[in-house]
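Chemist: Fold the following for me, if possible:
(one chain, ligands or ions: 1)
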Amino acid sequence: MSKTAVYAGSFDPITNGHLNIIRRAAKMYDSLTVAVIVNVSKRPFFSIEERVDIIKKVTADIPNVKVECFSGLLADYVNANRFSVVIRGLRATSDFENEIQMAQMNARLYTEGTETVFLMTDPRYSFISSSMIKEVATLGGSVTGLVDEYTESIIKTKIKG
Ligand code: COA
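Modeler: Predicted coordinates:
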């Protein structure tokens, strides 16, 4: 049976930390879907279409990765698509508390025995978040090396615009 994984998030924007998780997870499963949430509680910097487009471009060289968007409960989306695994990245111990709560709540909601699998974030990226990237870039700081070159150029264009 093929093992399908999903990696969900806001990706506003996708960082090299996310990309590192995607590359590693894609090697572990037959297919990996990067699922961008249409997040009502966060005011996005990039529209959902822009985020999906950026992720498609920066993952274009990974053949078993596809990009989709979803809204509502992650568990509903996971059940509807019968994913075997939900990937989460852990950056620091501070992520753990929230992650275990989410994983345990979701475990109650999954109907197909889906497992949550945690990958340790590459230490080069363990201090970054999408918000930090946006703040530094908006205030004129360099985010080179923390996001893909293409993403960096799109951020710059957005800020200028
Ligand atoms: N490298 C760099 N940054 C990372 C990272 C990594 N490996 N992993 C996470 N981050 C950053 C993200 O960019 C994000 O930054 P931001 O808050 O500045 O935008 C932050 O860490 C938090 O990431 P994450 O916990 O993945 O949040 P998210 O908003 O990207 O996605 C969902 C969270 C979508 C998975 C979650 O909100 C969800 O499931 N929502 C659906 C509703 C639902 O089902 N609710 C019930 C849950 S039990």
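Chemist: Could you use CA atoms for every contact and neighbour count after this?
Modeler: Noted.
Chemist: For the chain, which segments count as strands?
Modeler: Under the criterion DSSP state E, the chain contains strands at 4-9, 31-37, 65-70, 85-90, 115-120.
Chemist: Between strand 85-90 and the last one, find me the angle.
Modeler: Looking back up the chat, that one is strand 115-120. Per axes from the mean of the first three to the mean of the last three C-alpha atoms, to 10 degrees, the angle that strand 115-120 makes with strand 85-90 is 30 degrees.
Chemist: For the longest helix anywhere in the chain, the averaged confidence score.
Modeler: Among the segments of the chain that qualify as a helix by DSSP state H, the longest is helix 93-109. Taken as a whole, helix 93-109 has a mean pLDDT of 95.
Chemist: Also stretch 139-153?
Modeler: Regarding stretch 139-153, the rounded mean pLDDT is 97.
Chemist: which residues are in contact with it?
Modeler: Residues from elsewhere that reach stretch 139-153 (C-alpha atoms under 8 Å, 6 or more residues apart in numbering): 13-17, 54, 58, 125, 128, 133, 136-137.
Chemist: go with 6 Å
Modeler: 15-16 (C-alpha atoms under 6 Å, 6 or more residues apart in numbering).
Chemist: let's have the chain start at 869 instead
Modeler: All right, first residue 869 from here; so that's stretch 1007-1021.
Chemist: Show me how far that stretch is from its chain's centre.
Modeler: 17 Å (C-alpha atoms, centre = their mean, to the nearest Å).
Chemist: So which bits of the chain are right by the ligand?
Modeler: For the chain, the contact set with the ligand under C-alpha under 6 Å from any ligand atom comprises 876-880, 883, 885-886, 905, 940-943, 957, 970, 973-974, 989, 993, 996-999.
Chemist: Drop anything exposed from those.
Modeler: Among those, those buried by neighbour count (16 or more other C-alpha atoms under 10 Å) are 876-880, 883, 885-886, 905, 942-943, 957, 974, 989, 993, 996-998.
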